[in-house]
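Engineer: got a predicted structure plus its sequence, pasted below:
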Amino acid sequence: MNTTTDNVSSSATFAERDFVALAGAIDQVPAPQRELFLTKLVILLAAGAPAGLLADRLERAGRHLSG
Amino acid sequence: MYFNWQTLPLQPLASLDKASAEVVIVGAGPVGLATALGLAREGVRTTVLEARDTISKGSRALAMSRRSMQILDQLGVGARVLEKSLTWSAGWTFYGRQEVHSMNIASPPHEKHGQTNLQQCWMEQLLLDELLASGLSDVRYQHTVTQIEASDEGVRLSVSTPEGACTLDAAYLVAADGPRGLTRRCMGVDYEGTSYSQRFVINDILCKEPLPEGRRLFFSPPYLPGKTVLMHKAPFDMWRLDFQLMDDQDAETEMQPEQVHARIRAHFELMGIEPNYELVLTSVYKANAVSLPTYNTGRVLFAGDAAHQVPIFGGRGVNHGYEDAHNLAWKLARVVQGVSDPQLLDSYTQERRGALLATLAELTRTTIFITTPSPGIALVREAILSLSLSENFLGNLFDPYATPPHDCTDSPLNTADVGNGDFGPACRPGALVPDAVVGAAGERLYDRFGPQFTLIAFTDAARFAALPLQVLGFEADSTVGRLFDARPGTCYLVRPDNRVAARWREATPEQVDEALNIALCAARTEELQ
């Protein structure tokens, strides 16, 4: 039987095509530049996003990292 | 040379009035001299003690804000500052070899001044000349304060000079003796805040290259990857170049002429300029963002760097000092003269420390962007800057010049707008009043402000003639009226330091008198005119 986790109910959707696009883009970036690339990506996504969204996602990402 | 430093004469110790000084000021830097001049404007005599035997050396506090220039105008030195200074409004930010942002901080409409640069030595000289001309200050160089004892009744200073030593009693002491001053230690108070470990080598150079004046900020130049360089033009063909050191560089080594010239030549090469310059001065700087917990302890008051230290990124240090002087002088004068209760001096701490903490919060963000004290900050800055090569991501991020002056909206000296209804947020109690041309030949509103309180009345000014203040009458349908959101009947009570104390759509003399009492914080007998 499948079991649910806490955040399945938070309706986080991430399309398969975005998964493939992000993974492919990271693979194309030389390893020493991946950190900078991902930072730029976050900045671009956060620019113009609703206030508080970045702070919320940072908190969630950090929580998952430690978990 | 851009300034002729001379040894200032030692005043004979025998001529020092040791018993009757109303106010002793320790330190004859720009803040100490401006405070003395502000007190002289109020008719209060001062004794100024300075350990140096000359005007201070180097460009030091170079950049003055529009607000500082307003204050200097009111101290009587603004015109002479403008004769020698350089005004600027442009700024450019570079990443690597490319420009990624430019700014224009031209004066707002109706304001007289722009950003103004003049070397500190000239500022001290002009303030000193004006102070001596007032006849209300005994300024003594080569007088080193060695001990300070404060009590409820007054302050006793031990003073050492090449001629000998003496003690000096004063009713009040203003400590303008800088970040390493003795007063702070004698009073047992210490700074709170953050000191940054990143170091900058600061160079004053003379160079006739005709570059447009303004502030240039270089992030990660090719010869200093990941670090920051600031370049600022000063009068007399001087440029100030601040180079951040790499984390593993030794400051002493990097101050050696060979290293200094190598950096300057590399920078000139980056700018495509022939390295024709004369090196005048080299020093090392670390950013401190600190403040004393209080600026008044009994009869001792702290001003300028003695009270707080502000990172240099944004040209705020001495500007806070001038605002300290302007805020303190009218209050201390009224306390000394018995017009106000000493409690008025508490508002000096509340207002000035509030303004300082707001600046520190802002400059802390600027400072971490410039100095990148952590890997995360360095990474995000790198990302922002490199994105800015093709998109306007930098904008006014971390630009302290974009911030307007602080409003003392929570000052206990304010009379709240309660019941006054429909004023806009501009010119609210605690805010600085705007300037405007009000008369023929370009006369300005600020030219009409004196050391007393002023009532700006968009109504029959004669109604308030019996009040102990200056009344300036204007039509509501005028430039001033529009700046003050005035209607017929509107009145503003303005403090001697140009801040709104109260405002009304319709005011009675009794209401104005009550607000004046609140702003004077007293036990008032009679406000002096």
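Structural biologist: The structure has been received and is ready for your questions.

Engineer: so which helix or strand takes in the residue most central in space within chain B?
Structural biologist: Geometric centre of chain B, nearest residue: B:N319, 1.8 Å, by CA atoms, centre = their mean. Element membership of B:N319, judged by DSSP states H and E, is helix B:317-336.

Engineer: so which bits of chain B are right by chain A?
Structural biologist: Proximity of chain B to chain A, by CB under 8 Å from any CB of the partner chain, involves residues B:379-380, B:382-384, B:386-387, B:393. The way it works is simple: take the backbone N, C-alpha and C, and place the C-beta from them, glycine included.

Engineer: now these as CSV including neighbour count?
Structural biologist: Shown next, in CSV, are the residues of chain B next to chain A (neighbours: other CB atoms under 10 Å in any protein chain shown):
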residue, neighbour count
B:L379, 16
B:V380, 18
B:E382, 19
B:A383, 21
B:I384, 21
B:S386, 18
B:L387, 19
B:F393, 19
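
Engineer: okay, now the unreliable bits of chain A?
Structural biologist: By pLDDT under 70, the weakly predicted segments of chain A are A:1-12, A:66-67.

Engineer: which parts of stretch B:53-66 are buried?
Structural biologist: Of all the residues in stretch B:53-66, those buried under the rule 16 or more other CB atoms under 10 Å in any protein chain shown are B:55-66.

Engineer: which residues touch A:E35?
Structural biologist: B:L379 (CB atoms under 8 Å, 6 or more residues apart in numbering or on different chains).

Engineer: so how far is B:D248 from it?
Structural biologist: Look at A:E35 and B:D248: by CB to CB, to the nearest Å, they are 22 Å apart.

Engineer: what bridges to B:V284?
Structural biologist: Beta bridges link B:V284 to B:V201, judged by DSSP bridges.

Engineer: shouldn't it be in contact with B:T253?
Structural biologist: No. Here B:V284 lies out of contact with B:T253, judged by CB atoms under 8 Å, at a distance of 11.2 Å.

Engineer: compare these two (neighbour count), which wins?
Structural biologist: Per other CB atoms under 10 Å in any protein chain shown, whichever of B:V284 and B:T253 has more neighbours is B:V284, with 13 against 10.

Engineer: could I get the pLDDT score of that one?
Structural biologist: Predicted confidence (pLDDT) for B:V284: 91.

Engineer: where do the strands sit along chain A?
Structural biologist: Assigned by DSSP state E, chain A shows no strands.

Engineer: which non-adjacent residue is nearest B:G424?
Structural biologist: Nearest residue to B:G424 in three dimensions, chain neighbours excluded: B:D485, at 5.1 Å (CB to CB, 6 or more residues apart in numbering or on different chains).

Engineer: ok, now which ones touch the one you found?
Structural biologist: B:423-424, B:426-427.

Engineer: for those residues, which one is nearest B:R495?
Structural biologist: Ranked by distance to B:R495 (CB to CB), these are led by B:C427 at 12.8 Å.

Engineer: remind me which residues of chain B are low pLDDT?
Structural biologist: Along chain B, segments meeting pLDDT under 70 span B:19-20, B:315, B:396, B:398-402, B:418-421, B:522-529.

Engineer: in what helix or strand does the residue of it found nearest chain A lie?
Structural biologist: Nearest to chain A, among the residues of chain B, is B:A383, at 4.1 Å (CB to the nearest CB). Using DSSP H and E, B:A383 maps to helix B:375-387.

Engineer: quick check: the one residue in chain A that gets nearest to chain B vs B:E382, distance?
Structural biologist: Going by CB to the nearest CB, chain B is nearest to A:T39 of chain A, at 4.1 Å. Going from A:T39 to B:E382 by CB to CB gives 8 Å.

Engineer: quick revisit: mind checking which of the buried residues of stretch B:53-66 land in helices?
Structural biologist: B:R66 (DSSP state H).
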